[in-house]
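Quick one: sequence and predicted model below, then my questions.
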Amino acid sequence: MKRMGMMIGIRADQIEEYNRIHAAIWPEVAAVISACNITNYTIFLKQPENILFGYWEYVGEDYSADSAKLAASPAMKRWWAVTDPMQEPVATRKGGEWWAMMEENFHMD
């Protein structure tokens with residue numbers, strides 16, 4: 001299992017809508033996330049900075065293949081078409097990233 005963290009900004013005028021759609025995530029989106037070996041997926045919001053922090057646990061064996069499967073999913077493409085305009089990527093993200101991935105620094109069970 002690999003713990004993964006990421007961050008992105010969110011437009012202040014989109015927070016209410018972002019919260020609303022995540023409270024009723026589309027079943028096909030939840031299904032493809034699970035099918036790609038992602039569990040314990042959580043998103044936190046920090047205000048007033050309007051930063052989202054995402055966390056999940058990857059339980060598969062081929063993250064690259066599962067990431068490609070997720071990105072190719074028609075359900076995820078439709079979901080991202082709705083959510084991406086609400087977000088503001090951070091300037092320091094690496095090439096190819098939308099959410100800026102973070103390095104695990106500490107963990108304690």
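Sure, I can see it.

CA atoms for contacts and neighbours, from now on please.
Will do.

Any idea what the residue positioned nearest the centre of the chain is bridged to?
In the chain, the residue lying closest to the centroid (C-alpha atoms, centre = their mean) is Gly54, at 5.5 Å. On the basis of DSSP bridges, Gly54 is bridged to Met6, Ile43.

Wait, it touches Met6, no?
Yes. Using C-alpha atoms under 8 Å, Gly54 is in contact with Met6, at 5.1 Å.

thinking again about what came up before, ok now do the residue nearest to the centre of the chain, which residues does it touch?
Gly5, Met6, Met7, Tyr41, Thr42, Ile43, Phe44 (C-alpha atoms under 8 Å, 6 or more residues apart in numbering).

now for those, which pair is the farthest apart?
The two members of those with the most space between them (C-alpha to C-alpha) are Met7 and Tyr41, at 13.2 Å.

The two - which one has more neighbours?
More crowded of Met7 and Tyr41, by other C-alpha atoms under 10 Å: Met7, with 22 against 16.

gap between that one and Ile43?
9 Å (C-alpha to C-alpha, to the nearest Å).
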